[in-house]
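# Sequence and predicted model, in that order:
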Amino acid sequence: MGAVTSRGGRVSAEANIPVSSFIPRRTAGVFLHLTSLPGDHGIGELGNAAFQFVDFLAAAGLGVWQFLPTGPTGYGNSPYQSSSVYAGNPLLIELRALHDRGLVTARELAVFTSLTRGSVDYPKLTPLKTQLLARAGGRFMTRAATKERQARDEFVAEHDTVWLHDFALFEVLKAMHQERAWSEWDRAYVLRDPDALRTLEEAAHLQIDTAKSLQFLFFEQWRELKTYAASRGVRLMGDVPIYVALDSADAWAHPELLNLDASGQPTEVAGVPPDYFSNDGQLWGNPLYRWDRHAADGYQWWISRLGHAVDMADYIRLDHFRGFEAYWAVPAGAESATSGEWRAGPGEALFDALQSALGRLPIVAEDLGVITAEVEDLRDRYGLPGMKVLQFLVSGEEFDPASIPPNCVCYTGTHDNDTTLGWYRGGGGDARTEKDVEHTQANVLKHTHGTPVTIHEDLIKLAFSTSASLAIAPMQDYLGLDSSARMNMPGSSAEGNWRWRLRTEQLTQDLCETIRQMVIESGRALCVDAKIEYAASDDY
């Protein structure tokens with residue numbers, strides 16, 4: 001392929017430039033979390049709407065679908081504070097599929113019609129769907145056909161020892177203790193006393209089996225979606241947070257791998273120093289790893305965790321990559337992240353172990369924030385694509401699109417950014433002065449040769465024009481939405497975080513054609529078929 005010319009300037013894309021070892025060169029994609037899919041049950045699900053979205057992507061020529069971590073969410077509904085790094089979020093299970101199997105009644109489904117389609121109402125949704133799924137999981141154990149039970153038992157046998165049994169016990173114990181954090185449970189359970197756990201297993205075997213059955217149903221639906229996406233030429237990109245949540249099955253089952261005291265409380269917590277998003281830094285509160293313990297057994301916990309993630313998705317975005325070279329440690333109880341300090345991470349030892357066990361790693365390194373030469377060296381040693389976010393770059397006067405390297409993923413913005421339209425207008429709550437916004441507006445128009453009305457499309461075209469192997473825009477940017485559609489405000493527990501949802505009527509044929517033309521014109525048409533006409537359908 002020769003050079004690509006666009007409104008953003010002439011960018012080299014010659015064949016002899018080294019690119020990522022696993023991302024097909026010059027691919028385009030979309031970011032949309034699964035909870036944001038449209039549908040009738042209050043939250044996006046792994047069913048018809050997900051299949052339709054894959055159809056839309058294939059018709060538009062978008063070859064990668066990126067989403068957030070898929071685990072069960074806890075306080076604040078953040079995908080980055082999951083109760084398990086392995087388990088799937090039961091709230092994503094498609095209810096219609098359960099109805100078709102006789103596990104949910106039409107009357108039970110009707111309850112969800114009262115939920116808004118415009119956003120996820122977690123306070124109303126979570127108890128409703130959790131209770132219904134518990135009933136459905138119990139019914140599965142008594143109504144499933146022999147073949148289904150056999151598949152479920154094989155799933156349990158494969159995953160029980162590594163994570164599934166601990167997760168099921170954790171879920172049951174959380175319910176027994178009125179959802180309190182595991183460090184506040186009865187002491188015998190905090191310490192995982194073998195006798196206490198055996199007694200629990202006998203007394204609560206039905207609840208434990210139900211929790212395992214729901215995980216089987218989640219991963220059954222997941223495999224169907226992944227297989228369908230592959231058949232349409234769409235690759236899935238998952239997301240692996242660097243840290244585990246304190247109140248998680250992972251921390252409860254393996255406290256020896258974390259910096260926790262005898263009562264299960266962290267002595268230091270994770271975060272990042274002051275940055276673009278916050279003058280006080282970001283205080284995440286996750287417990288930090290005891291990297292010496294991980295090294296002692298050859299990083300087996302990480303090998304298992306990344307192996308599971310790679311099995312779920314084609315590519316993995318490894319969050320906070322710089323924390324593997326050096327991480328920000330904040331004293332427990334600190335009110336902000338400003339009092340932290342840098343500590344050495346595991347570095348090459350971890351990635352050597354991962355590569356030895358798993359082969360070449362299909363990992364995109366989230367290398368945003370305070371990045372040093374040492375972090376770049378670690379990333380480049382393993383040929384990992386990094387990330388470039390245009391909202392950060394085009395604010396400066398001297399930005400050159402040719403500076404975007406081939407071995408990276410170029411974004412207009414991420415889930416942590418405001419939408420491009422909201423960012424351009426100065427909304428969304430980021431810490432920018434009116435003068436900062438005016439400066440940004442002048443520079444972004446200069447670099448894109450765009451207009452205030454079309455700025456979302458202009459920035460996408462600029463991302464597509466670069467040499468980056470993969471260019472991605474959030475669905476909100478393809479739609480040209482303002483700050484009201486922002487997915488997350490980092491460092492805050494804003495009520496609107498993680499709630500935005502797409503509406504079916506927004507996925508129009510006109511939008512599909514607009515995206516398809518941008519993909520073709522930028523030379524990123526890997527999976528596009530100009531003969532495909534996108535049309536929503538209920539038939540799968």
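That came through, no problem. Numbering: from 1, shown residues only.

# okay, and for the stretch 151-300 of the chain, where does confidence drop off?
Along the stretch 151-300 of the chain, the model assigns pLDDT under 70 to residues 276-277.

# Now do the strands in it.
Listed from the start of the chain, the stretch 151-300 of the chain has strands (DSSP state E, counting those that start in this stretch) covering 235-240, 268-272, 282-287.

# could I get those strands as JSON lines with distance to residue 376?
Heads up, the C-betas are built off the backbone N, CA and C, glycines and all. Rendered in JSON lines, the data for these read as follows (distance: least, Cβ to Cβ, whole Å):
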{"stretch": "strand 235-240", "distance to residue 376": "20"}
{"stretch": "strand 268-272", "distance to residue 376": "17"}
{"stretch": "strand 282-287", "distance to residue 376": "22"}
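
# Out of those strands, which one sits most buried?
A comparison of the strands of the stretch 151-300 of the chain by mean neighbour count, using mean count of other Cβ atoms under 10 Å, puts strand 268-272 on top with a mean of 24.

# And for it, what's in contact with it?
The set of residues external to strand 268-272 that reach it, using Cβ atoms under 8 Å, 6 or more residues apart in numbering, is 242-243, 259, 281-288, 320, 323, 327-332, 334, 337, 340, 369-370.

# Which residue ranges of the stretch 301-450 of the chain form helices?
348-358, 373-381, 390-393, 420-425, 434-448 (DSSP state H, counting those that start in this stretch).

# If you count neighbours, what's buried in stretch 427-443?
By neighbour count, with 16 or more other Cβ atoms under 10 Å as the criterion, the buried positions of stretch 427-443 are 427-428, 430, 432, 437, 440-441, 443.

# just curious, which of the residues you listed is nearest to residue 54?
residue 428 (29.3 Å; Cβ to Cβ).

# Run through the helices of the stretch 1-150 of the chain in chain order.
Taking DSSP H, counting those that start in this stretch to define them, one finds helices in the stretch 1-150 of the chain at 48-60, 95-100, 106-110, 122-143, 146-159.

# Need the mean per-residue confidence for the third one.
Averaged across helix 106-110, the pLDDT comes to 96.

# how far out from the middle of the chain is that helix?
Using Cα atoms, centre = their mean, to the nearest Å, we find the averaged C-alpha position of helix 106-110 to lie 30 Å away from the chain's own average C-alpha position.

# That one - contacts with which helices or strands?
helix 95-100 (3 or more Cβ pairs under 8 Å, 6 or more residues apart in numbering; DSSP states H and E).

# Which residues are in contact with the residue most central in space within the chain?
Nearest to the centroid of the C-alpha atoms of the chain, with distances taken as Cα atoms, centre = their mean, sits residue 68, at 1.3 Å. Contacts of residue 68 were listed using Cβ under 8 Å, 6+ apart, and they are 33-35, 79-80, 239, 415.

# now the strands for the stretch 301-450 of the chain?
Under the criterion DSSP E, counting those that start in this stretch, the stretch 301-450 of the chain contains strands at 315-318, 326-331, 341-344, 363-365, 386-389, 408-411.

# tell me how far the lengthiest helix in the chain is from the chain's mean position?
In the chain, assigned by DSSP state H, the helix with the most residues is helix 205-231. In terms of Cα atoms, centre = their mean, the centre of helix 205-231 is set 18 Å apart from its chain centre.

# Go through that helix and flag the buried ones.
Applying a neighbour-count criterion of 16+ other Cβ under 10 Å, one finds 207-222, 224-226, 229 buried in helix 205-231.

# Okay, angle between it and strand 235-240 too, please.
Helix 205-231 and strand 235-240 meet at an angle of 140 degrees, taking axes from the mean of the first three to the mean of the last three Cα atoms, to 10 degrees as the criterion.

# Chain neighbours aside, what residue packs nearest to residue 132?
Take residue 132 and drop its neighbours on the chain: the residue closest to it by Cβ to Cβ, 6 or more residues apart in numbering is residue 108, 5.6 Å away.

# Run through the residues that contact residue 133.
Contact analysis of residue 133 by Cβ under 8 Å, 6+ apart lists 90, 93, 214.

# can you list the weak-confidence ranges in this structure?
1-21, 276-277, 428-429, 431, 491, 493-494, 526-540.

# need the contact list for the residue lying farthest from the centre of the chain.
Relative to the C-alpha centroid of the chain, counting by Cα atoms, centre = their mean, residue 195 is the outermost residue, at 37.6 Å. For residue 195, the set of contacting residues under the criterion of Cβ under 8 Å, 6+ apart consists of residue 188.

# From residue 71, how far off is residue 210?
With distances defined as Cβ to Cβ, to the nearest Å, the gap from residue 210 to residue 71 amounts to 18 Å.

# for residue 476, same thing?
Taking Cβ to Cβ as the measure, residue 476 falls 23 Å from residue 71.

# repeat for residue 24
When residue 24 is compared with residue 71 (using Cβ to Cβ), they lie 28 Å apart.

# So for the two, which residue has more residues nearby?
Between residue 24 and residue 71, counted using other Cβ atoms under 10 Å, the more crowded position is residue 71 (25 against 16).

# contacting residues around that one?
Shown in contact with residue 71 (Cβ under 8 Å, 6+ apart): 79, 82-89.

# out of those residues, which are inside strands?
Filtering the contacts of residue 71 for membership in strands, criterion DSSP state E, returns an empty set.

# The nearest residue to residue 275 once chain neighbours are set aside: neighbour count?
The shortest distance from residue 275 to any non-neighbouring residue, by Cβ to Cβ, 6+ apart, is to residue 369 (5.7 Å). Around residue 369 sit 17 other residues, with neighbours defined as other Cβ under 10 Å.

# again with the one 4 residues further on
A total of 8 residues lie near residue 373 under the criterion other Cβ under 10 Å.

# Just put the contacts of residue 68 in CSV and tack on distance to residue 182.
Below are the contacts of residue 68 laid out as CSV (distance: Cβ to Cβ, whole Å):
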residue, distance to residue 182
33, 27
34, 27
35, 25
79, 20
80, 19
239, 24
415, 28
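
# for those residues, which one is nearest residue 406?
Of all the contacts of residue 68, the one sitting nearest residue 406 is residue 239; the distance, using Cβ to Cβ, is 22.5 Å.

# Any idea what that closest one is bridged to?
residue 317 (DSSP bridges).

# how much space between residue 200 and residue 169?
The spacing between residue 200 and residue 169, counted by Cβ to Cβ, is 7 Å.
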